[in-house]
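Undergrad: build me a model from this:
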Amino acid sequence: MAGFLSSAVDITPPGGGIRTVDLSSYVSAETEGVIIRVVNTSTTTAYRYMLRKNGSTDYRYGSLPPEAQCFAFIGVSGDKKIEVEDENVSYLKFYLEGYLESGDYCEFFTNAHDKTPTEVNSWATIDCFSETGGNGFILIFELNADSDYDFGIRRPGSSDERILPGRHVWLLSNSDSEIRCEFYRTSTSQTLHLVGYIAHEYTTGRKNRVSVGINNDWTEVETYGPVPGTTIALLEIAETSGERFDARGTGSSDEFFYRGYHSFAMVEVDSDWLYQLRNEGDVYEIAWFGIRQHIGFKAALSNPGDGESYQGTSITAYPIPEVREGDLVIAVVLKTGIDSMPNFYVEETGGLNWEKLCDLEPSEPWTRPCGAVFWARATGKWLDPAVFTTSNPNNTGMSVIVMDFCPNEQEEMWELDVSPIVSEFEEPPPPYDVEVTDIDPSMNSIRVAGWVSDDDNEWEEQSGWYVVFGPMGEAQFRNTWITRQMSFAGSYNVTGGGW
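TA: Purely as a prediction, here's the structure:
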């Protein structure tokens, strides 16, 4: 697991040239990599620096602007050492913030892999499957340049367009299921190297990153949609003209209010999923990670995607990449525009042992969506699509929403604790609240509630519950089939042993 120091430690070595820094007194025996804050305290001059794993032959000597800072993510040797070089030891300072441990959690390469694309002024796909063995959910890069050149990095399929200035900085990007990201550079002087990665099992990320707002004084920020066991939030600092920022854990009193430009950070998250932020420009959450210890939500996926249209007599549920052995997978299958309640059943399992939980039968099937809920316990990664179908032959609007929840431990079994409750409501008066009928489950249980309407409504989170969000951060899953639209929203709450 990861660890943060209560206060950052100045590890700037004296002297000049390449020096070895021993971190063994600050980090654990299992440490694979370290989180280092680099600060240029000069008010007038940019200075160059180099950081690498002890024993590496890498040499990337790039500059940091005056009054600027960045976070570096560096591998350590077996005896917990790194190597440092700086152009001016009086102004360039290196602070140890925390560490990342080994095993399946993360890996840092002794020598980085050159992933510099040939493209300039366009998005290039960066494939990291072979280097990470297919496990690199968060990719860690080192970008090197000696002048302010704009760049951007994002997950494939994202609409993010933050192409902003930076020099010698480390980048973080969540990848897609094929372990790819997209990189945009504006100069052939910019080089990109893959220095390490963080594995799927411990990480949840977003396709589009979430803005956390501008906070000119220290503000406690709640991590947006964390998984249980979250210990670190990953941030993108998107400042365009030298605005200042700082980030720290809630128990820290460190003060590093320097220019961030376009860079990335890791910050400690406490047990209430809070960290502290002070920023004059934009900051975005990329992802969050930690050791998965408790029951909780991991991910959701729908077909069609939110705001898209689909009609048919059967529908495909595509695998959620985050599914692992022991996870609870729930599928809500919906159909609209038919005159009677059909039978819903599994045509192709996709490798999961599905059971029907309940039917969703409205009083007026023609005007209101009907459906069924299925569930399964995953016995490993979910690799193949599942197909759900109905006994109704009409080619009408159809949706499937799949949700993934993790248990306390992989070997624990899921079972139905309280029978589901299905209710039907007329449209409520403003503010259009529809409250779930509560149940009293056992400890170590997860309660899942869903709402479906016969229009393409947007939904908001219920008080005391947590929203089931999709890969784009959406809080609902709308099918905009032209004849009969429908919208689904989900929430969940954990009783004991979880949140």
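Undergrad: ok, Asp160 - how many residues close by?
TA: The number of residues packed near Asp160 is 18, by other C-beta atoms under 10 Å. Just so you know, the C-beta spots here come from the backbone N, C-alpha and C atoms, and that holds for glycine as well.
Undergrad: so what's the nearest residue to it once chain neighbours are set aside up against?
TA: Nearest residue to Asp160, sequence neighbours excluded (C-beta to C-beta, 6 or more residues apart in numbering): Arg154, at 4.4 Å. Contacts of Arg154 were listed using C-beta atoms under 8 Å, 6 or more residues apart in numbering, and they are Trp123, Asp160, Arg162, Ser173, Cys181, Glu182, Arg209.
Undergrad: ok, of those, which one's closest to Thr31?
TA: Distance to Thr31, by C-beta to C-beta, is smallest for Ser173 among these, at 22.9 Å.
Undergrad: Asp58: what's it in contact with?
TA: Counted by C-beta under 8 Å, 6+ apart, Asp58 has contacts Arg52, Asn111, Ala112, His193.
Undergrad: tell me the secondary structure at the second one.
TA: So the one you mean is Asn111. Classification of Asn111 using DSSP: H, G, I helix; E, B strand; the rest coil returns strand.
Undergrad: and the host helix or strand of Leu100, how far from the chain's centre?
TA: Counting by DSSP states H and E, the element that carries Leu100 is strand 92-101. Chain-centre distance of strand 92-101: 22 Å, with C-alpha atoms, centre = their mean, to the nearest Å.
Undergrad: for it, packing partners?
TA: Identification of packing neighbours for strand 92-101 by 3 or more C-beta pairs under 8 Å, 6 or more residues apart in numbering; DSSP states H and E yields strand 3-10, strand 31-40, strand 47-53, strand 81-86, strand 262-268.
Undergrad: highest neighbour count among the contacts of Arg154?
TA: Ser173 (29 neighbours).
Undergrad: quick one: name whatever helix or strand follows the helix or strand of the chain with the lowest mean pLDDT.
TA: Within the chain, no helix or strand scores below strand 203-211, which has a mean of 56 by mean pLDDT, DSSP states H and E. Next helix or strand after strand 203-211 toward the C-terminus (DSSP H and E): strand 215-222.
Undergrad: show me what the helix or strand just after that next one is packed against.
TA: Where DSSP H and E defines the elements, the next helix or strand beyond strand 215-222 is strand 230-238. For strand 230-238, the packing partners by 3+ C-beta pairs under 8 Å, 6+ apart come out as strand 262-268, strand 282-290.
Undergrad: next, the angle strand 262-268 makes with strand 230-238.
TA: 160 degrees (axes from the mean of the first three to the mean of the last three C-alpha atoms, to 10 degrees).
Undergrad: from the chain's centre, how far out does strand 230-238 sit?
TA: Relative to its chain's centre, strand 230-238 lies at 9 Å (C-alpha atoms, centre = their mean).
Undergrad: quick check, Asn303 in contact with Ile315.
TA: Yes - with contact defined as C-beta atoms under 8 Å, Asn303 counts as touching Ile315 (6.0 Å).
Undergrad: shared neighbours of those two, which are they?
TA: With C-beta under 8 Å, 6+ apart as the test, Asn303 and Ile315 both reach Ser399, Val400.
Undergrad: the two: who's more crowded?
TA: Set Asn303 next to Ile315 and count neighbours by other C-beta under 10 Å: Ile315 wins out with 23 against 19.
Undergrad: for Phe388, see how far away the more buried one is.
TA: 6 Å (C-beta to C-beta, to the nearest Å).
Undergrad: coming back round to it: most tightly packed of the helices and strands packed on strand 230-238?
TA: Highest mean neighbour count of the helices and strands packed on strand 230-238: strand 262-268, a mean of 26 (counted as mean count of other C-beta atoms under 10 Å).
Undergrad: beyond it, next helix or strand please.
TA: strand 274-279.
Undergrad: what residues does that next one touch?
TA: 212, 214-223, 233, 237, 239, 243-250, 252, 257, 260, 267-269, 283.
Undergrad: name the residues of it that come out as buried.
TA: Buried positions in strand 274-279, judged by neighbour count with 16 or more other C-beta atoms under 10 Å: Tyr275, Gln276, Leu277, Arg278, Asn279.
Undergrad: repeat for stretch 168-186
TA: For stretch 168-186, using 16+ other C-beta under 10 Å, the buried residues are 168-176, 179-186.
Undergrad: least confident of the helices and strands packed on strand 230-238, on average?
TA: Mean pLDDT is lowest for strand 282-290 out of those, coming in at a mean of 82.
Undergrad: so how far is that strand from its chain's centroid?
TA: 7 Å.
Undergrad: sorry, back to before: and the angle from the strand holding Leu100 to strand 47-53?
TA: Interaxial angle, strand 92-101 versus strand 47-53 (the same axes, to 10 degrees): 20 degrees.
Undergrad: and Lys93, how far from Glu87?
TA: 13 Å.
Undergrad: still on that earlier bit, turn the contacts of Asp58 into a markdown table, columns for pLDDT, neighbour count and distance to Trp481.
TA: Formatted as a markdown table, these follow (pLDDT from 0 to 100; neighbours: other C-beta atoms under 10 Å; distance: C-beta to C-beta, whole Å):
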| residue | pLDDT | neighbour count | distance to Trp481 |
| --- | --- | --- | --- |
| Arg52 | 98 | 23 | 55 |
| Asn111 | 98 | 14 | 53 |
| Ala112 | 98 | 23 | 48 |
| His193 | 98 | 20 | 47 |
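Undergrad: Serialize the residues you listed to TSV and add fields for distance to Gly380.
TA: Formatted as TSV, the contacts of Asp58 follow (distance: C-beta to C-beta, whole Å):
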residue	distance to Gly380
Arg52	37
Asn111	33
Ala112	32
His193	33
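Undergrad: quickly find the element holding Gly351.
TA: Using DSSP H and E, no helix or strand contains Gly351.
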